[in-house]
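Participant: sequence below, structure please.
(2 chains)
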Amino acid sequence: MTTTTPPARTTAARETRPRRGSGRRRLYQWLFVAPALVYLLAFFGYPLVRNVLMSFQEFTPTTYFTGESPFNGLENWRRVFDNELFGDALWQTILFTVGSLVGQFAIGLGLAVFFSRRFHLSGVIRAVLLLPWLVPMVVSAVVWRRIMDQDHGILNSFLETLHLSQDGVSWLSSPSVALLSAILVNIWIGIPFNMVILYGGLQEIPRELYEAASLDGASPWRTFRSITLPMLRPVVTVVLVLGFMSTIKILDLILALTGGGPADSTQTLGTLTYQLSFMQLDFGQGAVVGNVLILISAVFAVLYLRVNRADTVKGK
Amino acid sequence: MRTSLGRITSPAAALTLAGAMVALGLTACAAEPDPDTVTVLNSATDTAEHEANQDFFDRCAEPLGLKVEQISVPADQVASKALRMASSDSLPDILELDGSELPQFAETGGLRPLADVGLDTSEFSDSSRLLGSFDGTEYGVARSVNSLALIYNKDMLADAGLEPPTTWDELRTTAAALTQGDTYGMAFSAGPNADGVYQFLPFFWSAGADEAHLDDNAGVAALQLWKDLVEDGSASRSVVNWNQQDVNDQFIAGRAAMMINGPWQVPVLSAQDDVDWAVASIPVPEAGQDPVPPIGGTVMTVPKNDDHPEREDNAGRILECLNSADNQLAWGERVNNVPTRADAAQAYREANPELAPFADLVETARSRTAQVGTRWPVIQDALAGAFQSVLTGRSSPEDALGSAQRQATAGE
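Facilitator: Here you go, the predicted model:
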């Protein structure tokens, strides 16, 4: 009796204690995660699911009064894909996004590298370069609208003074130039963000590496390619992915700059969603375009996560 | 008509989409409102405009023992705000919409016909009654309406020894003659939105064209006229980017001798010491024709309130008082719009001879939605695409109208 019970008790204890403990721990874990989870479900999950459902529903002003939104199958999708504007908008969104990202990143990186060397007034100039970031998007757009005015804009006066153009470039009034103008403005807006994040990344790179490189007699270009770029890679991914997410759904800049014109040459998926949902009040069709946008963003978000995971696994 | 810039303030919402709007609307259920207070949703966000409105509301409400409370949001947000309120059953007692938005609200069945709230509009101009109608029933009453006219710089025309043009040919020659140095002869808005379309309609309609059949080729002449004005150099190529506000700015800055614009610019124009301006009718294709401009303005509607019919009655009484001949005239003079009652319009014309062309134009003005109803927003976009692609040389007027018609009827 006395010899058999203690082991039995200990085994029982060993079995139950960890189980009870892990149960409670798991509960605590969930409790800590719960607020975030509820928040995500309420503010991301719900609208997302609603948006997907809505794209299969006839969702019009009547819905708001009667609460009825009959499902209409693929009708909304068919209408959106039948709309000639959709293809144009998709293509222009791609051009706008790629153009903006390349420009912002290249110039942002150049400036970040430039300012990572310390020199007189570099702090002041860097602060001035941040200004575009601080100005509200709509204000920037309105100012640029004036700068790029064909007849009285300062940009054309400048080009004329330099004898680079005679009649003035139709920055915003020619369909073949307007998208480029919008990209240029967006690049101007995006440079500070790229510069700041990349500058931060550059500061993280140990100085010793550069010292070692110079001892080995590496050229500046070789140093940049073999040390700066690889060490900067995680930051580069963040900058590009965040830039992509904010650029692809661009709306306010284009609405204020060109309103999607001239001749729909600056329509993007963002402006098209806005137009369908809030001008034509066809929320079902608006949701379709919104879903396409979400889908594109999701693809890139997943790519980003995979790249990131590969990096962590490799211990970078 | 508002400037398109107002539209920019809300856009971030576009991607969150209306799903979130429903969710937010549900949580916004208001407490039971005071039975003696009539609530109004309108776009009077400008302080002066808000106070002017309140003046007139108070004037009518006090004798009835009522109070009026305004909820004002930017013009482009009235519709979405109203929809959110509808989904949470908290619509105001009076909903003031832009005339072009009325059909989409009337179609929902959520508005009370004016006749049911005891409002008699038999003395009102036909054009204004059409502005507030959907499918033959009147849902909205316009206290005053506006339209577009040709506003010109008196000094510039006098210096050149010219009279304001009355026909399209005269418009072209006059505009060309007035184009000198930094000054264009003519300015108009051809922006890709409501402003541009509103300004295109007087030319489109006066040419005999029809918004329900964009490709019947009657509109070609109107597109050609706009194209000619720009190609002659009489109007800036930037017109495709201008809203009505920009056009007014150009005119005030002396960079345009003539412009198409509406009476809502009168306060700004009057405040200018440098520019001596006058109003003329919109030029027509051939001498002797009547111009057909669009009619614009807001209409007041009464949302259905089955639980509280007495609130609908209160709203009806307020509307009736606001639309008395005296109040209409006073309101029209306050906002430079033409009263909709025939008697009040006549008095307005006599009291404001300098704005009489607007009063005349309103008589022949046409409603944008009378024929096409809820399809107007789609047709508006198609028309904007048409004149924009012609003005930028992307397509010929014929092709542009053909593709506009396809766009307007796509997916039907």
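
Participant: where does pLDDT dip in the stretch 201-316 of chain A?
Facilitator: Within the stretch 201-316 of chain A, the ranges that satisfy pLDDT under 70 run A:311-316.

Participant: what does it put close to chain B?
Facilitator: Proximity of the stretch 201-316 of chain A to chain B, by C-beta under 8 Å from any C-beta of the partner chain, involves residues A:249, A:251-252, A:255-256, A:258-265, A:270, A:273-275, A:277-281, A:283, A:286-287, A:290, A:293. Yep, even glycine has a C-beta here, placed from its N, CA and C like the rest.

Participant: give me the number of neighbouring residues for the residue in the stretch 1-150 of chain A positioned nearest to chain B.
Facilitator: Closest to chain B within the stretch 1-150 of chain A is A:Arg50: 2.9 Å, counting by C-beta to the nearest C-beta. Each residue near A:Arg50 was counted by other C-beta atoms under 10 Å in any protein chain shown, and the total is 20.

Participant: and if you look at B:Ala106?
Facilitator: A count of nearby residues for B:Ala106, using other C-beta under 10 Å, gives 26.

Participant: same question, B:Gln371
Facilitator: Residues near B:Gln371, counting by other C-beta under 10 Å: 15.

Participant: if we ignore the residues flanking it in sequence, what's nearest it?
Facilitator: Closest residue in space to B:Gln371, ignoring its immediate chain neighbours: B:Ala212 at 5.1 Å, by C-beta to C-beta, 6 or more residues apart in numbering or on different chains.

Participant: state the pLDDT value of the residue positioned nearest the centre of chain B.
Facilitator: What sits nearest the mean C-alpha location of chain B, by C-alpha atoms, centre = their mean, is B:Gly296, with 3.1 Å. Per-residue confidence (pLDDT) for B:Gly296: 94.

Participant: please name the bridge partners of it.
Facilitator: Each beta-bridge partner of B:Gly296 is listed here: B:Asn146, as defined by DSSP bridges.

Participant: B:Ser144 versus that one, what's the distance?
Facilitator: 10 Å (C-beta to C-beta, to the nearest Å).

Participant: could you do A:Gly99 as well?
Facilitator: Counting by C-beta to C-beta, the gap from A:Gly99 to B:Ser144 is 48 Å.

Participant: neighbours around whatever residue of the stretch 201-350 of chain B ends up closest to chain A, how many?
Facilitator: In the stretch 201-350 of chain B, the residue found nearest to chain A is B:Val240; the distance is 4.1 Å by C-beta to the nearest C-beta. By the measure other C-beta under 10 Å, the count of residues near B:Val240 is 29.

Participant: and A:Leu31, by the same measure?
Facilitator: Using other C-beta under 10 Å, the number of residues around A:Leu31 comes to 9.

Participant: so A:Pro132 sits against A:Ile189, correct?
Facilitator: Yes - under the criterion of C-beta atoms under 8 Å, A:Pro132 makes contact with A:Ile189 at 5.3 Å.

Participant: neighbour count winner among the two?
Facilitator: A:Ile189 (22 against 17).

Participant: you'd agree that one is in a helix?
Facilitator: Yes - counting by DSSP: H, G, I helix; E, B strand; the rest coil, A:Ile189 is part of a helix.

Participant: pretty sure it contacts A:Met137?
Facilitator: Yes - because the distance of 6.8 Å satisfies C-beta under 8 Å, A:Ile189 is recorded as touching A:Met137.

Participant: now do the shared contacts for these two.
Facilitator: Common neighbours of A:Ile189 and A:Met137 (criterion: C-beta atoms under 8 Å, 6 or more residues apart in numbering or on different chains): A:Leu253.

Participant: would you mind listing what in the stretch 151-300 of chain B touches chain A?
Facilitator: Near chain A, the residues belonging to the stretch 151-300 of chain B are B:Asp182, B:Gly191, B:Pro192, B:Asn193, B:Ser236, B:Arg237, B:Ser238, B:Val239, B:Val240, B:Asn241, B:Arg255 when assessed by C-beta under 8 Å from any C-beta.

Participant: quick revisit: measure the residue nearest to B:Gln371 to A:Tyr304 for me?
Facilitator: B:Ala212 sits 49 Å away from A:Tyr304 when distances are taken as C-beta to C-beta.

Participant: those two - which one has more neighbours?
Facilitator: Applying other C-beta under 10 Å to B:Ala212 and A:Tyr304 shows that A:Tyr304 carries more neighbours, namely 17 against 12.

Participant: which element is the more buried one on?
Facilitator: Secondary-structure element containing A:Tyr304, defined by DSSP states H and E: helix A:283-313.

Participant: would you mark the buried spots in that helix?
Facilitator: Burial within helix A:283-313, assessed by neighbour count using 16 or more other C-beta atoms under 10 Å in any protein chain shown, is assigned to A:283-294, A:296-297, A:304.

Participant: pLDDT weak spots in the stretch 251-400 of chain B?
Facilitator: Applying pLDDT under 70 to the stretch 251-400 of chain B flags no residue at all.

Participant: what about the strands in it?
Facilitator: In the stretch 251-400 of chain B, strands defined by DSSP state E, counting those that start in this stretch lie at B:256-261, B:277-280, B:298-303, B:338-339, listed in chain order.
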